[in-house]
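Q: coords please:
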Amino acid sequence: MGNIPSLPLVLCIWHDANVGGDDAVTLENVAAYHKPTIVHTLGWLLKDDTGGITIVNEFYDNTYRGRTFVPRPMIVDVIYHKLSKFPKPRRPTAPPPPA
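A: This is a model prediction of the structure:
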C-alpha cells in the first residue's frame with residue numbers, strides 16, 4: 001500500500017459561495033440561488049488554524065496535491081476518520097462430521 005501520510009483524515013462540511021455561472025436570475029427566482037452550497041470535502045488535514053483549514057486529497061513522492069482551503073467562517077463541521085484496510089475474509093470452517 002506504500003507510504004501513507006501520518007496526517008489526520010477528515011471530512012469537512014462547508015458552505016461554498018455558490019457562484020452560479022450562467023444561471024439566469026430574476027426577482028422571482030433569486031431565492032433559489034440566494035444561499036450557499038453545502039460541500040463535503042474528504043482528505044488529509046494539512047493545516048488547521050484560525051484562518052481556516054487546508055485539506056489535500058492526493059499524496060505521492062512525499063508531496064501533496066488536490067488542495068482545498070476553506071476559510072474558518074465557512075466551515076460547518078470537521079469530522080475525523082481513520083484510514084483502515086478491510087479485514088480479509090475468513091475461510092469457512094469445516095462442517096462437523098455427521099452423527
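
Q: Give the pairing partners of the lengthiest strand in the chain; include direction for each.
A: Secondary structure of the chain per DSSP state E: the longest strand is strand 37-49. According to DSSP bridges, strand 37-49 forms sheet pairs with strand 9-16 (antiparallel), strand 52-56 (antiparallel).

Q: On the C-terminal side of the first one, identify the next helix or strand.
A: Read it as strand 9-16. Where DSSP states H and E defines the elements, the next helix or strand beyond strand 9-16 is helix 30-33.

Q: CA atoms only: put that next one into CSV for me.
A: What follows is helix 30-33, C-alpha atoms only, in CSV (Å, rounded to 0.1, in the frame of the first residue of the first chain):
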residue,chain,number,x,y,z
VAL,A,30,-33.4,34.7,-6.9
ALA,A,31,-34.4,33.0,-3.6
ALA,A,32,-33.4,29.6,-5.1
TYR,A,33,-29.8,30.9,-5.7
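
Q: Spatially nearest residue to the most centrally placed residue in the chain (excluding sequence neighbours)?
A: With distances taken as CA atoms, centre = their mean, the residue of the chain nearest its centroid is residue 42 (1.2 Å). The shortest distance from residue 42 to any non-neighbouring residue, by CB to CB, 6 or more residues apart in numbering, is to residue 11 (5.0 Å). No exception for glycine: its C-beta is placed from N, CA and C like everyone else's.

Q: For the one you found, list the residues it contacts.
A: 40-42, 78-79, 81 (CB atoms under 8 Å, 6 or more residues apart in numbering).

Q: Of those, which is the nearest to residue 6?
A: residue 81 (14.4 Å; CB to CB).

Q: which residues touch residue 9?
A: 42-45, 80-83.

Q: For the protein, give me the ranges with low pLDDT.
A: 1-2, 19-22 (pLDDT under 70).

Q: Please, which helix or strand holds residue 3?
A: Going by DSSP H and E, residue 3 is not part of any helix or strand.

Q: Next one: the residue located most distally from the centre of the chain from residue 35, what distance?
A: Most distant residue from the mean C-alpha position of the chain: residue 99, 55.1 Å away (CA atoms, centre = their mean). Note on residue 99: its distance to residue 35, by CB to CB, to the nearest Å, is 69 Å.

Q: Appreciated, that's everything.
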